[in-house]
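1. quick one: sequence plus predicted model below, questions after.
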Amino acid sequence: MPDTVYDVIIIGGGPAGLTAGLYTSRAKLKTLLLERMIMGGQVMTTTKVENYPGFPGGIDGPDLMMRFQEHCQEFGLEVTTGEAEGLVDNGDVKRLTVDGKELSARAVIITTGAEPSKLGVDGEDSFIGRGVSYCATCDGAFFRDVEVAIIGGGDTAAEEALFLTRFASKVYLIHRRDELRATKILQDRIEANDKIEVLWDTVIEKVNGDNTGMTSAALKNLKSGETRDLPLAGMFVAIGVTPKAHFLTKVLELDGDGYVLTDAECRTSMSGVFAAGDVRKKILKQIATAVGDGAVAAIMAEKYLDGFVE
Ligand SMILES: Cc1cc2nc3c(=O)[nH]c(=O)nc-3n(C[C@H](O)[C@H](O)[C@H](O)COP(=O)(O)OP(=O)(O)OC[C@H]3O[C@@H](n4cnc5c(N)ncnc54)[C@H](O)[C@@H]3O)c2cc1C
């Protein structure tokens with residue numbers, strides 16, 4: 001049996017987890033924040049954040065997350081490294097398996113986030129943040145009056161292609177098949193938009209660039225076998241996102257894509273367990289919404305521990 005029963009254990013040290021930790025530690029709840037890798041979450045992989053309020057001119061992702069951590073330290077948030085592997089409901093106490101050991105808490109906040117799928121081609125990693133992006137909402141505005149590509153064929157790829165036409169001079173929608181999976185209305189809008197050219201049956205084989213960033217992509221047509229180099233200033237990969245909730249299958253209610261289902265107050269299907277940020281099914285996955293969720297989940301955990309909500 002573990003010695004310590006925390007009031008709250010937060011799983012994940014991204015914007016949602018750090019915000020929840022700020023609120024619970026400031027409220028003097030005995031809190032442990034658990035992070036499997038480096039603190040800061042997905043924001044650590046982005047060079048510039050321009051849409052988080054309070055930072056005119058933008059701020060580097062790692063700098064922003066360092067401020068989140070420093071702010072939590074002011075209130076004595078306890079953090080540790082470890083990966084949550086299981087969660088069991090023992091009524092008033094929840095048991096977490098972390099790297100084979102057991103931790104206990106009266107309430108749990110899940111903020112394990114999500115991970116965009118990569119193409120896995122040469123050069124992709126080298127140019128992340130220097131041309132290669134996984135989020136048009138985040139980075140589209142950096143690509144004004146230049147040619148960019150979006151990779152994918154679903155609703156997200158189609159919506160992001162349309163969004164990118166607000167900034168880019170031309171948007172190539174590159175899809176490995178000969179038809180899009182996106183809804184008909186989006187397909188019609190893609191077809192009607194003069195700035196978008198769809199490259200069917202085409203895959204990216206390599207991302208090329210120099211010290212200024214990405215300069216082109218090596219393409220291959222899967223039907224003809226033809227290869228060519230397409231000059232591009234940016235490339236947005238929209239081939240899927242994986243929520244980091246695999247260890248919660250059969251424990252909490254998840255949707256078909258593996259996102260944790262919650263109500264508007266971040267309550268999950270297990271009493272005393274809350275979910276916040278990108279791991280939760282919701283419409284917009286951004287730092288601002290992760291922060292909002294983290295605050296809501298923390299306040300709900302506090303109310304639960306005080307017996308005000310079930
Ligand atoms: C390249 C890129 C650029 C972006 N740019 C912007 C931007 O400019 N503006 C904006 O608003 N949003 C941006 N986003 C989106 C934003 O980063 C996310 O919406 C936000 O980080 C979500 O926060 P989160 O705390 O929910 O999850 P995450 O940031 O994903 O953090 C989750 C954390 O949980 C940890 N974790 C996962 N599983 C476990 C486990 N089992 N045990 C312990 N720890 C675990 C992970 O290691 C991670 O650190 C960007 C995303 C990417 C990928």
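-> It's in. Here the structure is a predicted model, which means the values were calculated and not measured.
2. tell me what the helix or strand containing residue 23 is packed against?
-> Assigned by DSSP states H and E, residue 23 falls within helix 15-26. Using 3 or more Cβ pairs under 8 Å, 6 or more residues apart in numbering; DSSP states H and E, the elements in contact with helix 15-26 are strand 5-11, strand 31-35, helix 61-74, strand 101-110, helix 287-305. (Each C-beta comes from the backbone N, C-alpha and C, glycine too.)
3. pull the residues that contact it.
-> By Cβ atoms under 8 Å, 6 or more residues apart in numbering, the list of residues contacting helix 15-26 from outside reads 7-8, 10-11, 31, 33, 35, 39, 41, 43, 65, 68-69, 71-72, 75-79, 109, 111, 113, 276-279, 287, 290-291, 293-295, 297-299, 301-302.
4. and the pLDDT at residue 2?
-> According to the per-residue confidence, residue 2 scores 52 in pLDDT.
5. cool, residue 91 as well?
-> On pLDDT, residue 91 comes in at 89.
6. hmm, the helix holding residue 23 touching the ligand?
-> Yes. Counting by Cβ under 6 Å from any ligand atom, the ligand has neighbours in helix 15-26: 15, 16, 17.
7. quick one: that helix to chain centroid distance?
-> 18 Å (Cα atoms, centre = their mean, to the nearest Å).
8. residue nearest the middle of this structure, spatially speaking?
-> When the chain is reduced to its mean C-alpha position, the closest residue under Cα atoms, centre = their mean turns out to be residue 114, at 4.3 Å.
9. what values do phi and psi take at that residue?
-> Phi and psi for residue 114, reported as degrees, to the nearest 10, are phi -150, psi 170.
10. contacting residues for it?
-> Residues touching residue 114, when contacts are defined by Cβ under 8 Å, 6+ apart, comprise 42, 241, 242, 243, 244, 259, 278, 279, 285.
11. could I get the worst-scoring helix or strand of the chain on mean pLDDT in CSV with only the CA atoms?
-> Among the helical and strand segments of the chain, the one scoring lowest on mean pLDDT, DSSP states H and E is helix 136-139, with a mean of 92. Extracted C-alpha coordinates of helix 136-139, given in CSV (Å, rounded to 0.1, in the frame of the first residue of the first chain):
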residue,chain,number,x,y,z
ALA,A,136,-2.8,25.6,-39.4
THR,A,137,-4.8,27.5,-36.7
CYS,A,138,-1.5,27.9,-34.8
ASP,A,139,0.9,28.7,-37.6
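12. which helices and strands does it pack with?
-> helix 155-164, strand 234-237.
13. can you redo these as a markdown table with mean pLDDT and mean neighbour count?
-> Output for the helices and strands packed on helix 136-139, formatted as a markdown table (pLDDT from 0 to 100; neighbours: other Cβ atoms under 10 Å):
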| stretch | mean pLDDT | mean neighbour count |
| --- | --- | --- |
| helix 155-164 | 95 | 22 |
| strand 234-237 | 97 | 26 |
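14. up against the ligand, what does the protein have?
-> 11-17, 34-37, 41-43, 45-46, 49, 51-52, 83-84, 111-114, 116, 134-135, 138, 244, 247, 277-278, 285-288, 290.
15. just the buried ones among the residues you listed, please.
-> A residue is treated as buried here by neighbour count (16 or more other Cβ atoms under 10 Å); on that basis the buried members of these are 11-17, 34-36, 41-43, 46, 49, 52, 83-84, 111-114, 116, 134-135, 138, 244, 247, 277-278, 285-287, 290.
16. okay, buried residues for stretch 190-204 please.
-> Residues of stretch 190-204 classed as buried by neighbour count (16+ other Cβ under 10 Å): 190, 196, 198, 199, 200, 202, 203, 204.
17. now, which of those residues sits nearest residue 230?
-> Nearest to residue 230 among those is residue 199, at 8.1 Å by Cβ to Cβ.
18. for the buried residues of stretch 190-204, which one is nearest residue 156?
-> Comparing every one of the buried residues of stretch 190-204 with residue 156 (Cβ to Cβ), the shortest separation belongs to residue 190, at 12.8 Å.
19. look up how far residue 136 lies from residue 145.
-> Here the criterion is Cβ to Cβ, to the nearest Å. By it, residue 145 lies 16 Å from residue 136.
20. quick one: which of the two has more around it?
-> Neighbour count, other Cβ atoms under 10 Å: between residue 145 and residue 136, residue 136 has more, with 26 against 9.
21. excluding its backbone neighbours, what's nearest the residue in the stretch 151-300 of the chain that the ligand sits nearest to?
-> The stretch 151-300 of the chain approaches the ligand most closely through residue 277 (2.1 Å), counting by Cβ to the nearest ligand atom. What sits nearest to residue 277 in space, not counting adjacent residues and going by Cβ to Cβ, 6 or more residues apart in numbering, is residue 16, at 2.8 Å.
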